[in-house]
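>>> sequence below, structure please.
(one chain, ligands or ions: 2)
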Amino acid sequence: MNETIGSHISMEYNRPIKIVDDIYWVGYHEKEDQISCNPYLIVDQDEAILIDGGSRPDFSTVMRKILQVGIVPKSITHLIYHHYDPDLCGSLPNLEDMIDNPLLKVISKRENNGFIRHYGCRSVLQCIDQMDRKLTLKSGRTLRFIPIPYAHSAGSFMTLDEKTGILFSSDLFGSTTYQAEWTLFLDIKRACHACLQPLPVGRTEQEILIRHTCPLCGIRKFQRQVMPSNAALRLALQITRANNPVMIAPQHGSVLCGKEEMDQVIQALDSMEDVGIDGILGEMKRAGSAFPVG
Ligand SMILES: [Fe+2]
Ligand SMILES: [Fe+2]
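Ligands and ions are numbered 1, 2, ... in the order given. Okay, the predicted model is just below:
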């Protein structure tokens, strides 16, 4: 891992964690949870931006961490929601109450906004397509919005912070990594590389255990379940590559740091043939069934 990233702060997951410069993880992690969520806070001079703010049950934890960062809630000027799922947007009305800023803007994409309205959003709801797909902060810092259609919602997009090169990827690169093994920064062990190959016949208990806790397997499993098809995932990966991020910060799972690790994960996902509906159709074909099996 890059020495400057997260190295000078202890990994106390009950506190906000600075992932780089002025960007904080204000997420939530419990060992019993199936899926943890990663909201992120960008603090830029006297402005703050909250990305994928989190679910209703996680609200008090996220808010406590925002306060622990040391900002006043009113300084949050924008809430960015990369799609409209409840694990991102559920706490929207609670956040609006706490932030209490009449100038607060909620940013998403047209395809999402009709759904986001149903959380009871009272703020101005903006569409990235009407903002030249970028937000320029008072300091001049630019957040660029990058659509990844159907990965996994029609209006899904990512946010690239041009100052740091961090790509906030929402569900893309998310993971169901075995929670007891979770770390905020992805740790691909040497053993994980074997997991990219099909399990050999006569597999050992040890191999099965490694797969259960392997971060690459967790990322693949999550993408298989959440993304609609091979094509949607591959297009999103192609778009990710073209934007050359320095770090990838997904809404679930772990932050990907370093080119080698990002390349390994992208490669692992790019080779998948059983994503979403393609996986279901493959199973039906193998079973000779006209309807979903299993
Ligand atoms: Fe989602
Ligand atoms: Fe999600």
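>>> may I have the phi/psi pair for T159?
phi -120, psi 130 (degrees, to the nearest 10).
>>> where do the strands sit along this protein?
For the chain, the strands defined by DSSP state E occupy 17-20, 23-25, 40-44, 47-51, 76-80, 105-108, 124-127, 134-136, 142-147, 157-161, 166-170, 247-250, 256-257.
>>> nearest to ligand 2 among those would be which one?
Ligand 2 sits nearest to strand 166-170 of all these, at 6.7 Å, using Cβ to the ion. C-beta: built from backbone N, CA, C; applies to glycine.
>>> do I have it right that I239 meets F145?
No - the pair I239 / F145 is not scored as a contact, 11.8 Å apart, by Cβ atoms under 8 Å.
>>> overlap of the contact sets of the two?
Shared contacts of I239 and F145 (Cβ atoms under 8 Å, 6 or more residues apart in numbering): M158.
>>> format the strands of the chain as a markdown table; extra columns: mean neighbour count, distance to I266 and mean pLDDT.
Output for the strands of the chain, formatted as a markdown table (neighbours: other Cβ atoms under 10 Å; distance: least, Cβ to Cβ, whole Å; pLDDT from 0 to 100):
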| stretch | mean neighbour count | distance to I266 | mean pLDDT |
| --- | --- | --- | --- |
| strand 17-20 | 20 | 20 | 95 |
| strand 23-25 | 23 | 22 | 98 |
| strand 40-44 | 23 | 21 | 98 |
| strand 47-51 | 23 | 21 | 98 |
| strand 76-80 | 23 | 23 | 98 |
| strand 105-108 | 23 | 25 | 98 |
| strand 124-127 | 16 | 29 | 97 |
| strand 134-136 | 16 | 24 | 98 |
| strand 142-147 | 19 | 15 | 98 |
| strand 157-161 | 26 | 14 | 98 |
| strand 166-170 | 27 | 11 | 98 |
| strand 247-250 | 24 | 9 | 98 |
| strand 256-257 | 24 | 9 | 94 |
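>>> the residue in the stretch 1-150 of the chain that ligand 1 sits nearest to: what's it in contact with?
With Cβ to the ion as the measure, D85 is the residue of the stretch 1-150 of the chain nearest to ligand 1, at 3.7 Å. D85 makes contacts with 153, 171, as judged by Cβ under 8 Å, 6+ apart.
>>> same thing with L41?
Going by Cβ under 8 Å, 6+ apart, the list of residues near L41 reads 16, 23-24, 26, 48-51, 66, 69, 71.
>>> next: I166.
By Cβ under 8 Å, 6+ apart, the contact list for I166 reads 19-20, 23, 160, 245-249.
>>> is stretch 159-169 positioned near ligand 2?
No - Stretch 159-169 stays clear of ligand 2 (Cβ under 5 Å from the ion), getting no nearer than 10.6 Å.
>>> just give me how far that stretch sits from the chain centre.
12 Å (Cα atoms, centre = their mean, to the nearest Å).
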